[in-house]
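Colleague: Have a look; sequence and predicted model below, questions after that.
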Amino acid sequence: MGAFDLDEGSLRLHFIPYPSPGHMIPLCDIARLFSSRGHHVTILTTPSNAHTLHKFISHRLRLHTVHFPSRQLGLPDGVENLAAVNNVEDSVKVHEAAMLLRGPMERFLERNPPDCIVADFFFPWVHDVATKLRIPRLVFNGFSLFAVCAMHSIYANPIESYSNSDPNVVRDLPHRITLKATPPKVLIDSTKPLLEMELKSHGIIVNNFAELDGEEYIQHYEKTTGHKAWHVGPVSLICRTAEEKTERGQESVVCAHKCLSWLNSKRANSVLYICFGSINQFSDKQLYEIACAVEASGCDFVWVVPEKKGKEDESEEEKAKWMPKGFEKRNMTKGIIIRGWAPQVLILGHLSVGAFLTHCGWNSTVEAVSAGVPMIMWPVHDEQFYNEKLISEVHGIGVEVGAEEWNVIGFVVKKKVVGRESIEKAVRKLMDGGDEAEKIRRRARELGKKARAAVEEGGSSHKNLTSLIDELKRLRDSSS
Ligand SMILES: O=c1ccn([C@@H]2O[C@H](COP(=O)(O)OP(=O)(O)O[C@H]3O[C@H](CO)[C@@H](O)[C@H](O)[C@H]3O)[C@@H](O)[C@H]2O)c(=O)[nH]1
């Protein structure tokens with residue numbers, strides 16, 4: 001990689017995304033935001049992950065790839081992303097291999113010191129190299145700031161003090177937030193040191209807009225941690241054309257045109273969109289319950305299932321494990337099943353989509369908010385249980401399925417199945433109409449307008465990005 005031909009005053013930033021779509025997609029969008037403002041960005045990644053990024057290469061955006069040690073961990077060559085594996089053991093291996101990227105990436109950073117490093121929350125080692133090079137490090141935290149505040153609050157007290165209290169109130173937050181279950185200790189133990197390390201950075205960047213986290217949480221975060229958070233999202237709004245939306249993250253397995261013409265044939269707000277992010281693997285039993293619930297609710301649907309799950313040519317016997325017999329035939333005109341990567345942002349943006357049944361991954365959540373689509377909240381693991389609260393209790397733009405079991409990806413395998421009755425009940429609350437559903441929908445539309453305004457010139461996220469850039473320039477100029 002040669003040196004950039006720098007425009008006067010422009011910054012040089014290096015971005016280090018974690019190899020999982022929920023982390024890579026938004027951080028690479030943030031890198032594109034900087035390059036669209038005339039700054040020079042280099043994304044440090046690995047060969048397979050670079051494939052999805054080639055389309056963004058320009059004279060202001062470059063990729064630098066380092067070898068991903070798949071073989072060293074016993075993974076097949078080319079498996080370099082959490083989305084490329086389908087079991088807990090291999091997820092752990094991908095994570096461990098990602099941690100081994102430190103050596104080659106550190107050498108690259110030392111040879112090519114930028115003005116600022118923006119690295120994922122999962123790469124705390126960047127702290128040492130940034131300190132050595134005397135350059136600011138920003139942490140990309142893929143969660144909502146609301147979730148980060150809840151984590152700080154929970155981690156400040158011994159977890160035992162929560163499990164005996166009823167209800168489980170997250171203490172000292174601006175709202176009275178109660179959780180159905182407390183986070184597992186293993187999750188706390190793995191994220192606490194990362195949150196502590198990010199407090200040593202210059203600040204965190206989040207894929208969110210100030211109005212969604214709410215001024216009270218921004219102030220709460222700054223007051224309790226003494227740290228700064230920069231809201232620069234929703235970053236999915238950087239995708240303007242149908243093509244860009246279809247190719248976001250990965251090439252979609254369905255053609256945008258076909259997908260849109262199916263959605264065009266449906267009434268406004270009549271379609272339920274169902275997708276559980278990029279890494280979640282439900283059991284056959286759980287998928288079966290979803291199928292039964294959707295069919296019983298009678299609504300039109302787009303249901304995304306992992307590619308590994310349902311090949312179109314799978315045998316009837318295999319299929320019968322995860323959907324009732326004749327399901328596809330009976331629902332030929334009512335729904336589509338997307339086996340593999342769906343053009344999520346394109347689908348959510350269509351007027352026929354009336355609700356999103358989601359696992360509350362932060363990107364999915366903020367994408368639904370941006371599209372003004374209300375949510376049926378079914379958190380599964382990690383910080384998704386906090387996101388559920390922000391959406392249903394703070395903003396009132398979602399209904400809860402009632403999930404209680406807190407899974408930790410990579411450590412515990414989810415055992416309980418959420419029954420069809422609870423799913424159907426939650427779906428009906430939004431999709432059957434009625435005054436309450438209309439109020440929720442109206443609030444979601446209003447918040448969607450605020451999301452879109454945030455990234456336009458003069459909007460909160462647009463201004464935040466400008467002031468972050470100004471600050472990084474000041475830091476660079478004062479150190480030279
Ligand atoms: O078929 C698909 C599936 C996913 N996506 C996109 O992939 C991303 C998925 O991200 P997210 O909704 O956040 O879910 P996860 O992939 O589960 O994300 C992980 O990372 C997030 C950010 O840290 C966390 O909030 C989650 O809990 C964690 O599971 C989103 O941009 C989706 O639009 C598609 O475009 N098509």
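Modeller: Looks like it came in fine. Numbering: from 1, shown residues only.

Colleague: Could you check how far the closest residue to Glu400 other than its chain neighbours is from the ligand?
Modeller: The shortest distance from Glu400 to any non-neighbouring residue, by CB to CB, 6 or more residues apart in numbering, is to Met377 (5.0 Å). Using the backbone N, CA and C atoms, a C-beta is placed for each residue, glycine as well. Met377 sits 12 Å away from the ligand, going by CB to the nearest ligand atom, to the nearest Å.

Colleague: now Met377: how far from Glu367?
Modeller: Shown here: Met377 relative to Glu367, a distance of 14 Å by CB to CB, to the nearest Å.

Colleague: OK, contacts around the residue nearest to Glu400?
Modeller: Thr358, Cys360, Asn387, Glu388, Ile391, Ser392, Gly398, Val399, Glu400, Val401, Ala403 (CB atoms under 8 Å, 6 or more residues apart in numbering).

Colleague: ok, now with 7 Å
Modeller: Listed by CB atoms under 7 Å, 6 or more residues apart in numbering, the contact set of Met377 reads Thr358, Cys360, Glu388, Ile391, Ser392, Gly398, Val399, Glu400, Val401.

Colleague: mind putting those residues in TSV, neighbour count and pLDDT included?
Modeller: Formatted as TSV, the contacts of Met377 follow (neighbours: other CB atoms under 10 Å; pLDDT from 0 to 100):
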residue	neighbour count	pLDDT
Thr358	30	98
Cys360	32	97
Glu388	25	97
Ile391	28	98
Ser392	19	96
Gly398	31	98
Val399	22	98
Glu400	20	97
Val401	22	96
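
Colleague: now, which of the residues you listed sits nearest Lys321?
Modeller: Comparing these against Lys321 with CB to CB places Val401 closest, at 22.1 Å.

Colleague: Pretty sure that closest one sits against Val427.
Modeller: No. Counting by CB atoms under 7 Å, Val401 does not reach Val427; the two are 8.7 Å apart.

Colleague: Need the overlap of contacts for the two.
Modeller: In contact with both Val401 and Val427: Ile376, using CB under 7 Å, 6+ apart.

Colleague: The residue of the stretch 101-250 of the chain found nearest the ligand: how many residues sit nearby?
Modeller: Taking CB to the nearest ligand atom, the ligand has its nearest neighbour within the stretch 101-250 of the chain at Gly142, 2.6 Å off. Gly142: 26 surrounding residues under other CB atoms under 10 Å.

Colleague: got it, and the one 10 residues further on?
Modeller: Using other CB under 10 Å, His152 is surrounded by 21 other residues.

Colleague: what residues are up against it?
Modeller: Counting by CB under 7 Å, 6+ apart, His152 has contacts Leu195, Thr224, Thr225.

Colleague: what's the answer for Glu247, then?
Modeller: Counting by CB under 7 Å, 6+ apart, Glu247 has contacts Lys55.

Colleague: And the residue nearest the centre of the chain?
Modeller: Computing the C-alpha centroid of the chain and ranking residues by CA atoms, centre = their mean puts Asn363 first, at 2.9 Å.

Colleague: sorry, back to before: most neighbours among the contacts of His152, which one?
Modeller: Busiest of the contacts of His152 [other CB under 10 Å] is Leu195, holding 20 neighbours.

Colleague: Let me see the contact set for that one.
Modeller: Met151, His152.

Colleague: name the element it belongs to?
Modeller: helix 185-198 (DSSP states H and E).

Colleague: can you check Glu96 too?
Modeller: Short version, using DSSP H and E: Glu96 is in helix 88-99.

Colleague: hang on, the earlier thing: now for the residue nearest to the centre of the chain: which residues touch it?
Modeller: Gly22, Ile25, Pro26, Asn207 are the contacts of Asn363 under CB under 7 Å, 6+ apart.

Colleague: what do you get for Ile274?
Modeller: Ile274 touches Ile290, Phe301, Val302, Trp303, Val304, Leu357, counting by CB under 7 Å, 6+ apart.

Colleague: of those, list those near the ligand.
Modeller: Val304 (CB under 6 Å from any ligand atom).

Colleague: which one of the contacts of Ile274 sits closest to Glu456?
Modeller: Using CB to CB, the contacts of Ile274 come closest to Glu456 at Val302, 28.7 Å.

Colleague: Helix, strand, or coil at that closest one?
Modeller: Here Val302 is recorded as strand under DSSP: H, G, I helix; E, B strand; the rest coil.

Colleague: The lowest-mean-pLDDT helix or strand in the chain: what's the following helix or strand?
Modeller: Within the chain, confidence by mean pLDDT, DSSP states H and E is lowest for helix 160-163 among all helices and strands, at a mean of 66. Under the assignment DSSP H and E, the closest C-terminal helix or strand after helix 160-163 is strand 168-170.

Colleague: List the neighbouring strands of the helix or strand following that next one plus their orientation.
Modeller: Downstream of strand 168-170, the next assigned helix or strand under DSSP H and E is strand 177-179. With DSSP bridges as the test, strand 177-179 is paired with strand 168-170 (antiparallel).

Colleague: State the mean pLDDT of the partner strand.
Modeller: Averaged across strand 168-170, the pLDDT comes to 84.

Colleague: try stretch 444-460
Modeller: What stretch 444-460 shows for mean pLDDT is 98.

Colleague: OK, contacts around the residue in the stretch 251-400 of the chain positioned nearest to the ligand?
Modeller: Using CB to the nearest ligand atom, the closest approach of the stretch 251-400 of the chain to the ligand is made by Gly361 at 2.4 Å. When contacts are counted by CB under 7 Å, 6+ apart, Gly361 touches Gly22, Gly277, Gln384.
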